[in-house]
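Peer 1: only geometry, no sequence info:
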Ligand code: GLA
Ligand code: ZN
């Protein structure tokens with residue numbers, strides 16, 4: 001018997017298909033004159049233990065060869081064949097690449113660059129998202145597809161467009177931006193004030209004077225840049241919503257997604273996610289076969305998966321990954337034997353209920369002909385890559401109990417797109433690279449090494465379920481967020497923040513009256529007077545209370561510990577002896593502040609100590625050797641621990657508990673070994 005909690009803690013991408021989805025992008029439209037290849041695909045799909053194909057991503061011309069003339073024959077056959085072979089389909093809308101006839105007839109669908117030049121037909125991901133014509137044409141084709149396949153039992157999800165990205169600077173987008181601003185600000189006076197346009201006499205006296213930021217025009221009005229980025233997110237989402245509405249008209253119950261690109265900086269995924277039923281992501285990690293590098297790659301990948309899981313607090317799809325290599329990096333290395341299973345199981349460990357590839361079969365021509373695929377040009381199943389995919393598929397089939405399970409993280413890292421944009425724009429400190437993502441990663445790293453489940457949260461997420469929140473370089477903090485952080489600490493939370501906290505508001509206006517902003521001065525018990533930016537070769541030393549010295553690089557904030565306890569001090573320069581790290585008891589919680597950028601050592605030891613203080617531990621009880629980590633998923637009753645060895649040598653771990661191996665039922669206790677690149681899933685019976 002399962003308790004009520006069991007039901008609450010499972011969330012499915014599509015309850016009608018409660019299995020790990022295993023498959024990928026399939027382009028039968030490229031092989032229409034090769035029927036033998038198409039039937040071979042079905043044989044191979046079963047052999048590869050795939051149960052899904054994503055169809056139609058770039059198939060617009062095949063579906064609508066002439067305006068208003070549709071031909072669904074290839075898709076009808078593909079969907080039926082896949083279903084007969086036991087598979088399901090994720091159907092894509094084709095809006096990411098348009099037919100040549102469409103671009104020729106309606107040039108307004110083509111994007112305009114920020115230098116005002118309209119692009120020519122070609123490539124993809126380059127349509128104007130405001131053009132009424134493009135919206136209408138997309139709506140028509142989407143409705144046709146949805147109407148035709150709405151009742152097909154193979155259809156499990158909709159995939160909107162592909163990797164929505166980029167900006168359009170055409171007159172229609174500029175006009176839409178001005179309308180967006182009018183709605184936001186009401187009056188020009190308010191806009192001018194918020195953007196501080198009296199600076200350099202850039203005050204607008206007519207809405208028509210406002211243009212999107214451009215290297216040919218305005219780049220100094222940071223409020224404008226932030227609003228433009230917000231607008232791009234909202235306009236792209238609005239375009240996506242047109243597509244979603246077209247599909248939902250026919251299939252209200254089929255879940256919709258669009259494939260994200262990790263921490264892609266151009267769009268605030270938290271805003272877009274509100275329109276989606278589930279999240280999916282494309283991840284092409286840089287596995288190199290070098291243990292030292294790959295452990296870092298593993299951390300980067302883990303952080304991306306955690307973001308995707310947190311965006312909707314439910315399982316996500318790894319929509320694209322490569323079974324071997326890509327074709328667009330500086331050096332395109334195939335994954336070493338065993339890495340594929342490890343990397344895809346890592347996605348599952350962090351909350352993916354789908355493991356999918358770009359691409360099923362290598363195309364014969366054009367730019368992606370050498371990109372890795374499940375089926376190589378050689379055409380048969382006797383390849384290393386195919387065997388690895390097939391072996392993984394065999395394993396994924398046994399994971400039905402894990403599908404829908406969730407992760408209950410007690411630790412969170414705050415990452416906010418608006419903050420990222422504002423920080424990048426700030427012409428100060430190290431203007432061209434302030435290394436926000438590197439800093440976020442430096443805090444994530446010890447969490448990963450200690451096997452701690454971590455959510456990557458945004459400013460609007462609830463903070464209640466966390467005991468520890470790490471907020472690296474939260475330069476832009478609204479008054480509301482400052483209050484929320486205060487509330488979190490007051491109620492017993494542990495907050496860790498760094499240099500550059502709370503310097504500007506959500507419009508990039510500097511806070512007056514001392515830093516960090518507003519009540520955060522009380523919360524941290526400090527006042528930040530100035531920031532010293534260090535030259536690349538420059539260093540300072542920071543002395544901890546026990547006499548240990550660590551290294552400060554890049555940034556040393558000169559802070560005053562008004563109420564806070566000083567944990568470390570600078571060892572040289574005009575701020576020698578002044579606080580470099582502090583802690584302040586506030587309400588029932590504590591607020592830690594690290595005023596300098598360290599080389600990793602201090603971050604590691606601080607995070608580890610705070611985990612102890614917050615009472616947060618790994619799902620696995622034993623110590624984790626280098627390269628080994630543990631992450632969990634739970635149905636509320638049973639917690640599955642994914643132990644993964646990202647190193648190229650066997651590692652031994654010790655446990656006080658009695659575990660069962662999920663797939664074999666074998667008992668595990670005391671000391672045991674994890675093979676190189678192995679994933680073991682265990683639970684306590
Ligand atoms: C992206 C795209 C795919 C393909 C892959 C190649 O993720 O969505 O269509 O081009 O890159 O790695
Ligand atoms: Zn446009």
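Peer 2: That came through fine. This is a predicted model, so every value here is computed, not measured. Ligands and ions are numbered 1, 2, ... in the order given.
Peer 1: When you work out contacts or count neighbours from here on, use the C-alpha atoms and nothing else.
Peer 2: Noted.
Peer 1: For the stretch 51-200 of the chain, which residues are neighbours of ligand 1?
Peer 2: Proximity of the stretch 51-200 of the chain to ligand 1 is assessed by Cα under 6 Å from any ligand atom, with 162-163 identified as the residues in range.
Peer 1: In the protein, spot the strand with the most residues.
Peer 2: The residue-count maximum for a strand in the chain (DSSP state E) belongs to strand 549-561.
Peer 1: Okay, now the sheet partners of whichever helix or strand comes after that strand, with direction.
Peer 2: Downstream of strand 549-561, the first helix or strand assigned by DSSP states H and E is strand 565-570. Looking at strand 565-570 with DSSP bridges, its paired strands and their directions are strand 540-544 (antiparallel), strand 579-586 (antiparallel).
Peer 1: What are the boundaries of the helices in the stretch 1-150 of the chain?
Peer 2: In the stretch 1-150 of the chain, the segments counted as helices under DSSP state H, counting those that start in this stretch are 4-8, 35-47, 60-63, 73-84, 100-105, 132-149.
Peer 1: Tabulate those (TSV), appending mean neighbour count and mean pLDDT.
Peer 2: Converted to TSV, the helices of the stretch 1-150 of the chain look like this (neighbours: other Cα atoms under 10 Å; pLDDT from 0 to 100):
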stretch	mean neighbour count	mean pLDDT
helix 4-8	12	50
helix 35-47	16	98
helix 60-63	20	98
helix 73-84	18	98
helix 100-105	15	98
helix 132-149	19	98
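Peer 1: Now do the domain split for this structure, please.
Peer 2: Segmentation of the chain into domains, based on automatic domain parsing, reads 51-272, 411-614, 628-683.
Peer 1: Ok, which of those comes nearest residue 359?
Peer 2: domain 51-272 (9.4 Å; Cα to Cα).
Peer 1: Can you give the distance of that closest one from its chain's centre?
Peer 2: Put simply, domain 51-272 sits 19 Å off its chain's centre (Cα atoms, centre = their mean, to the nearest Å).
Peer 1: follow-up on the earlier one: against which helices or strands is the longest strand of the chain packed?
Peer 2: Under the contact criterion of 3 or more Cα pairs under 8 Å, 6 or more residues apart in numbering; DSSP states H and E, strand 549-561 touches strand 526-533, strand 540-544, strand 579-586, strand 596-598.
Peer 1: Sheet-wise, list the partners of it with their directions.
Peer 2: Strand 549-561 has these partner strands in its sheet, going by DSSP bridges: strand 526-533 (antiparallel), strand 540-544 (antiparallel), strand 596-598 (antiparallel).
Peer 1: biggest helix in the protein by residues?
Peer 2: Criterion DSSP state H: the longest helix present in the chain is helix 222-248.
Peer 1: For that helix, name the packing helices and strands.
Peer 2: Based on contacts counted as 3+ Cα pairs under 8 Å, 6+ apart, the elements that helix 222-248 packs against are helix 132-149, helix 171-185, helix 188-195, helix 269-273, helix 417-425.
Peer 1: Pull out the buried residues from it.
Peer 2: In terms of neighbour count (16 or more other Cα atoms under 10 Å), helix 222-248 has its buried residues at 222-244, 246-248.
Peer 1: Same question for stretch 478-486.
Peer 2: Those buried within stretch 478-486 under the rule 16+ other Cα under 10 Å are 478-479, 481-482, 484-486.
Peer 1: now stretch 289-298
Peer 2: Neighbour counts over stretch 289-298 (16+ other Cα under 10 Å) mark 289, 294-298 as buried.
Peer 1: same thing with stretch 672-684?
Peer 2: Of the residues in stretch 672-684, those buried by neighbour count under the rule 16+ other Cα under 10 Å are 674-684.
Peer 1: average pLDDT across stretch 222-231?
Peer 2: Stretch 222-231 shows an average pLDDT of 98 in the prediction.
Peer 1: Mind checking if that stretch is in reach of ligand 2?
Peer 2: No - taking Cα under 5 Å from the ion as the criterion, stretch 222-231 and ligand 2 are apart, separated by no less than 12.1 Å.
Peer 1: which residues sit against that stretch?
Peer 2: For stretch 222-231, contacts defined as Cα atoms under 8 Å, 6 or more residues apart in numbering pick out 177, 180, 194-196, 212-213, 219, 266-268, 418, 421-422, 425-426, 507-509.
Peer 1: Narrow those residues to just the buried residues.
Peer 2: Buried subset of those (neighbour count, 16+ other Cα under 10 Å): 177, 180, 195-196, 212-213, 266-268, 418, 421-422, 425-426, 507-509.
Peer 1: could I get the domains of the chain as TSV with distance to residue 620?
Peer 2: TSV is the format used below for these (distance: least, Cα to Cα, whole Å):
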stretch	distance to residue 620
domain 51-272	27
domain 411-614	7
domain 628-683	6
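Peer 1: I'd like to know which of those domains lies nearest to residue 350.
Peer 2: Between residue 350 and the domains of the chain, the tightest spacing by Cα to Cα is seen for domain 628-683, at 6.7 Å.
Peer 1: how far does that closest one sit from the chain's center?
Peer 2: The offset between the C-alpha centroid of domain 628-683 and the centroid of the whole chain comes to 26 Å, using Cα atoms, centre = their mean.
Peer 1: Would you mind measuring the gap between the ends of that domain?
Peer 2: End-to-end distance of domain 628-683 (Cα to Cα, to the nearest Å): 17 Å.
Peer 1: Same check on stretch 60-80?
Peer 2: The distance separating the two terminal residues of stretch 60-80, taken as Cα to Cα, comes to 19 Å.
Peer 1: which residues are contacting it?
Peer 2: Applying Cα under 8 Å, 6+ apart, the set of residues contacting stretch 60-80 from outside is 28-29, 32, 55-56, 88-89, 94-95, 97-99, 101-102, 141, 154.
Peer 1: So residue 575 sits against residue 558, correct?
Peer 2: Yes - the pair formed by residue 575 and residue 558 meets the contact definition of Cα atoms under 8 Å, at 6.6 Å.
Peer 1: Name the residue in these two with the higher neighbour count.
Peer 2: Between residue 575 and residue 558, residue 558 has the larger neighbour count (other Cα atoms under 10 Å), namely 21 against 16.
Peer 1: show me what contacts the more buried one?
Peer 2: 528-532, 575, 578-580, 595.
Peer 1: mind running it again at 6 Å?
Peer 2: Contacts were defined as Cα atoms under 6 Å, 6 or more residues apart in numbering; by that measure residue 558 touches 529-531.
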